[in-house]
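Enquirer: A predicted structure for the sequence below; I have some questions about it.
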Amino acid sequence: MNQVHFPAGQRPVYQQLSAQVNQYFQQQGIAKSGDQRLYRKAILILLLFSASYAALLLLPAPWSLAAWFIHGIATALVGFNVMHDGAHESFSRSRRLNRLAALTFNLIGSNRFYWAQKHNRNHHSFTNVDEVDEDIDALGLFRMSPHQRRFWFHRYQHIYVWLLYPLTSLFWFFALDYKAYFRQKIAQRPFSHRLSAADHLEFWASKLLYLLIYIALPLSLADGTTVITGFLLMHAILGFLFAVVFQLAHIVEQAEFPQPTADGSMEDEWAAHQLRTTVDFATDSRFLTWALGGLNFQVEHHLFPRVSHIHYPALHRLLQESCNRQGHSIRSYPSLGAALKGHYHHLRQLGRSDG
């Protein structure tokens with residue numbers, strides 16, 4: 001495949017949407033980054049994260065297993081609300097705070113550099129483009145795009161996918177991170193730059209620290225069966241939440257999967273591409289918006305990743321009006337249940353036909 005790119009020249013969709021968003025922040029007199037609402041939430045989540053970790057170390061079984069379970073939820077909350085904004089440099093106007101927020105990804109098992117390459121650079125640029133967006137590459141286990149090869153077992157993928165989603169974070173942290181590290185590329189796209197000595201040190205130090213925190217230290221305080229069971233339980237919860245939340249934005253019936261021409265050119269400008277490939281869900285749910293770090297507002301996030309998620313509800317109304325004036329729309333499911341149904345039917349359809 002030739003290097004994938006978007007058409008050169010004017011970008012009328014993005015220019016108009018961006019002008020509307022910039023005007024909103026200027027009129028409101030507020031920054032695009034997070035504010036006290038986000039900082040209070042981050043402190044609360046990190047307290048839950050720390051308290052549940054202390055509990056899994058100190059409580060006897062079976063209470064320690066309950067703590068592992070809660071810690072899995074807390075870890076997902078850290079990823080959705082703290083790490084994600086930090087990695088997009090929208091957590092704060094302070095570069096140091098953004099870096100610290102992004103570093104929580106190392107603490108929970110992965111690596112912020114890998115995330116920046118996989119998520120910020122590839123997924124946000126070429127959403128749902130086969131062989132470029134690694135988020136839609138399940139190594140043949142699932143058929144997520146109509147452009148991927150269909151195998152006989154995909155006929156049942158809408159059933160077995162729910163049994164494999166709990167393995168997501170284990171596979172991510174203990175396989176995909178290392179694959180990317182040694183290949184120095186995501187999918188077929190090389191890293192934006194070579195890893196520095198500091199990058200290498202951070203990768204291996206954080207991986208070792210993770211094993212010390214979640215395996216070695218718990219094993220020094222509890223029996224091996226309890227620790228391994230708890231560790232797997234934590235990752236089952238974390239993996240399932242990570243997989244489902246991110247799949248509902250793109251692997252659903254309403255989303256499209258555009259492919260480049262033979263020379264690598266995409267049909268639409270970047271913003272129009274995002275509107276075709278990304279879907280919101282449950283935007284009226286205050287609870288989901290709070291818990292998921294605004295990841296139910298994926299269209300807003302994809303168009304303006306440097307804007308903190310606390311602003312997405314306001315942007316949603318603004319962008320809906322602007323898109324309608326341009327003949328576009330923000331695709332959305334009214335509820336979490338409707339989005340799950342859209343994901344289920346998408347997988348079922350792709351498993352049963354080549355289209």
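Expert: Thanks, I have it.

Enquirer: okay, CA-based contacts and neighbour counts for the rest of this
Expert: Fine.

Enquirer: what bits of this structure have low per-residue confidence?
Expert: 1, 355 (pLDDT under 70).

Enquirer: Report the separation between the residue nearest in space to the middle of it and residue 274.
Expert: For the chain, residue 246 is the residue whose C-alpha lies nearest the centre (CA atoms, centre = their mean; 5.2 Å). Going from residue 246 to residue 274 by CA to CA, to the nearest Å gives 15 Å.

Enquirer: With residue 283 instead?
Expert: Plainly put, residue 283 is 18 Å away from residue 274 if you go by CA to CA.

Enquirer: of these two, who's got more company?
Expert: Higher neighbour count among residue 283 and residue 274: residue 274, with 26 against 22, using other CA atoms under 10 Å.

Enquirer: Quickly find the element holding the more buried one.
Expert: Element membership of residue 274 [criterion: DSSP states H and E] is helix 270-277.

Enquirer: quick one: contacts of stretch 124-134?
Expert: The contact list for stretch 124-134 (CA atoms under 8 Å, 6 or more residues apart in numbering) reads 118, 122-123, 135-137, 145, 147-148, 186-189, 250, 256-260, 270, 273-274, 277-278, 302.

Enquirer: From those, which land in helices?
Expert: Taking DSSP state H, the ones among the contacts of stretch 124-134 that sit in helices are 250, 270, 273-274, 277, 302.

Enquirer: ranges for the strands of the stretch 101-250 of the chain?
Expert: When assigned using DSSP state E, counting those that start in this stretch, the strands of the stretch 101-250 of the chain occupy the ranges 185-186, 189-190.

Enquirer: now the first one, how far from the centre of its chain.
Expert: It stands for strand 185-186. 17 Å (CA atoms, centre = their mean, to the nearest Å).

Enquirer: What pairs with it, parallel or antiparallel?
Expert: Sheet pairing of strand 185-186 (DSSP bridges) gives strand 189-190 (antiparallel).

Enquirer: got a list of contacts for the strand it pairs with?
Expert: With contact meaning CA under 8 Å, 6+ apart, strand 189-190 is reached by 132, 184.

Enquirer: Let's see that with 10 Å instead.
Expert: Strand 189-190 is contacted from outside by 3-4, 117-118, 121-122, 131-134, 180, 183-184, using CA atoms under 10 Å, 6 or more residues apart in numbering.

Enquirer: wait, what's in contact with residue 89?
Expert: 33-34, 83, 95-99, 101-102, 305-308.

Enquirer: Look up phi and psi at it.
Expert: In terms of degrees, to the nearest 10, the main-chain angles of residue 89 are phi 60, psi 40.

Enquirer: Ok, residue 265 next?
Expert: The phi/psi pair for residue 265 (degrees, to the nearest 10) is phi -90, psi 130.

Enquirer: Run a quick neighbour tally on it.
Expert: 16.

Enquirer: And for residue 32?
Expert: 21.

Enquirer: can you tell me which residues contact it?
Expert: Counted by CA under 10 Å, 6+ apart, residue 32 has contacts 21-22, 25-26, 90-93, 304, 306-311.

Enquirer: circling back to that earlier point, which one of the strands of the stretch 101-250 of the chain lies closest to residue 237?
Expert: Nearest of the strands of the stretch 101-250 of the chain to residue 237, taken as CA to CA: strand 185-186 at 25.6 Å.

Enquirer: for the contacts of residue 32, which one is nearest residue 344?
Expert: Distances from residue 344 to the contacts of residue 32, taken by CA to CA, are shortest for residue 309, at 26.6 Å.

Enquirer: Pretty sure residue 74 sits against residue 82.
Expert: No: counting by CA atoms under 10 Å, residue 74 does not reach residue 82; the two are 11.2 Å apart.

Enquirer: list residues touching both of the two?
Expert: 45-46.

Enquirer: More neighbours: those two, which one.
Expert: residue 82 (28 against 24).
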